[in-house]
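below are the sequence and a predicted model for it; my questions follow.
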Amino acid sequence: MADTYFIRAEPLAAAIRELVRGFGSEEREVELVTDNLIQANLTGHDSHGIGMLPRYSQAWVEGGLKENAHVKTLMDGGALLRLDGQRGFGQVVGREAMTLAIERAKKLGSCIMALGNAHHLCRIGAWAEMAVAEGFVSIHFVNVISRPIVAPFGGSDARFGTNPFTVGIPVAGREPVLLDFATSVIAQGKARVAHNKGEKLPLGRIIDNQGKDSDDPAYAVVEPLGAILAFGEHKGYGMAVACELLGGALAAGLACGGPATGEKRVLNGMLTIILDPKAIADVATFERETRSFLDWVTASPPRAGFDKVRLAGEPEREWRAKRLAEGIPVDANSWNEILEAAARLKLEPAKINRLAGVKA
Ligand SMILES: NC(=O)c1ccc[n+]([C@@H]2O[C@H](COP(=O)([O-])OP(=O)(O)OC[C@H]3O[C@@H](n4cnc5c(N)ncnc54)[C@H](O)[C@@H]3O)[C@@H](O)[C@H]2O)c1
């Protein structure tokens, strides 16, 4: 059996659509979930691509993820919105929440939107991209309600999730700046992908179940669990706390507060701030200063070991071009987990293989 399959985006999407239909999803949901996951793979974030589906299928069987659920407005204060994702697919309720908030920002110049109870919102950059496409700045603080997996700076066990932070900034006439990362030194899914490939991680990312440095990604994936470290020592840890308090305690009304319950669902709370630059600044000045700063910064001569200075968002665009041309790599273990998910959803794994063009 091949160690890695290279599957083109289209046949992979056909297979994933079939899998998502197994949740009982309406066709719009099938499209949104499939497209969002494939886009994560295309942008190089396999941690947040189709490899999430086995977890989603376990969460759905337990009742922690609801098919065909939609966002519900809990509070409408004009430029302030409080929304409930009703445990629906993040790919659906995240899009609906962002659509509502963007409409408000168009009318009012800004919108602060609090979203709670959304099942996994996946790549948070996808939501910033929606606002940036309208010319808006988009800022996101996100918490994760799942098994705690990240240790606080100075701590020896896991106390919270990989809490992503994201900022999208439009740049007139150019590609946007899109900063989008987990506040853990690696996203948990990156440990899962390394574990499935049988790879080790560099030291300084993971601690084992005794709180000691380890290169084994298993400590972030299977029992006995250790923890992933926060990025940037006390600074990244501080950002993770800000994400927990703003995305969790404030926006969702739910923060991490105890050991794992064993439930498979992954809930995200998200505080989103959308801002129309025209509403707060002289746009010509903002555009001029943005472009001149970005030119200045990227003109720095590359240091040994680097080919050039990039801006956030650029690597994802490079990955997308490469993977559209060459196909999406899916390691055999991850693909087997997808076939197991198909069986869990009462689908025929052979059909998934056939649609993807995988000869297992
Ligand atoms: N929904 C959730 O619960 C959840 C939790 C954690 C992470 N995530 C998502 O996981 C994804 C991956 O997160 P990650 O921490 O692994 O990302 P990462 O470590 O790959 O960092 C990605 C960010 O760094 C930028 N970047 C990368 N290389 C660069 C370079 N050479 N120069 C300049 N900028 C560069 C990228 O453009 C991007 O903005 C994100 O999309 C995040 O939203 C989601």
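Perfect, I can see it now. Numbering: from 1, shown residues only.

which residues of the stretch 151-300 of the chain fall in helices?
Taking DSSP state H, counting those that start in this stretch to define them, one finds helices in the stretch 151-300 of the chain at 188-197, 233-243, 277-280, 283-298.

up against the ligand, what does the stretch 101-250 of the chain have?
120-125, 144, 162, 164, 166, 178-182, 186-187, 190 (C-beta under 6 Å from any ligand atom). No exception for glycine: its C-beta is placed from N, CA and C like everyone else's.

go again with 5 Å.
Applying C-beta under 5 Å from any ligand atom, we find that the stretch 101-250 of the chain lies next to the ligand at 121, 123, 124, 125, 144, 162, 164, 179, 180, 181, 182, 187.

just name the lowest-scoring one in the residues you listed, pLDDT-wise.
Lowest pLDDT of those: residue 187, 87.

burial measure for it, as a count.
21 (other C-beta atoms under 10 Å).

what does residue 290 give?
17.

so who does it touch?
By C-beta atoms under 8 Å, 6 or more residues apart in numbering, residue 290 lies in contact with 169, 171, 172.

from what I can see the last one touches residue 291, true?
Yes - with the criterion set as C-beta atoms under 8 Å, residue 172 and residue 291 qualify as a contacting pair; they are 7.2 Å apart.

residue 151 and the ligand: what is the separation?
According to C-beta to the nearest ligand atom, to the nearest Å, residue 151 stands 15 Å off from the ligand.

quick check: beta-bridge partners of the closest residue to that residue other than its chain neighbours?
Counting by C-beta to C-beta, 6 or more residues apart in numbering, residue 227 is the residue found nearest to residue 151 once chain neighbours are left out, at 3.8 Å. Following DSSP bridges, residue 227 is listed with bridge partners residue 207.

which ones are touching residue 227?
148-151, 155-158, 206-207, 211, 219-220.

show me which of those residues are buried.
148, 149, 150, 151, 157, 158, 206, 207, 219, 220 (16 or more other C-beta atoms under 10 Å).

let me have those in TSV, extended by pLDDT.
TSV is the format used below for the buried ones among the contacts of residue 227 (pLDDT from 0 to 100):
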residue	pLDDT
148	96
149	96
150	97
151	98
157	97
158	97
206	96
207	98
219	97
220	95
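
hmm, back to that, which of the contacts of residue 290 lies closest to the ligand?
Nearest to the ligand, judged by C-beta to the nearest ligand atom, of these is residue 169 at 11.3 Å.

residue 320 versus that closest one, what's the distance?
To residue 320, residue 169 is 19 Å away according to C-beta to C-beta, to the nearest Å.

circling back to that earlier point, and the helices of the stretch 151-300 of the chain, which is most packed in?
helix 188-197 (a mean of 22; mean count of other C-beta atoms under 10 Å).

right, so of the helices of the stretch 151-300 of the chain, which gets closest to residue 325?
helix 188-197 (21.3 Å; C-beta to C-beta).

show me where pLDDT drops low in the stretch 151-300 of the chain?
Nowhere does the stretch 151-300 of the chain drop to pLDDT under 70.
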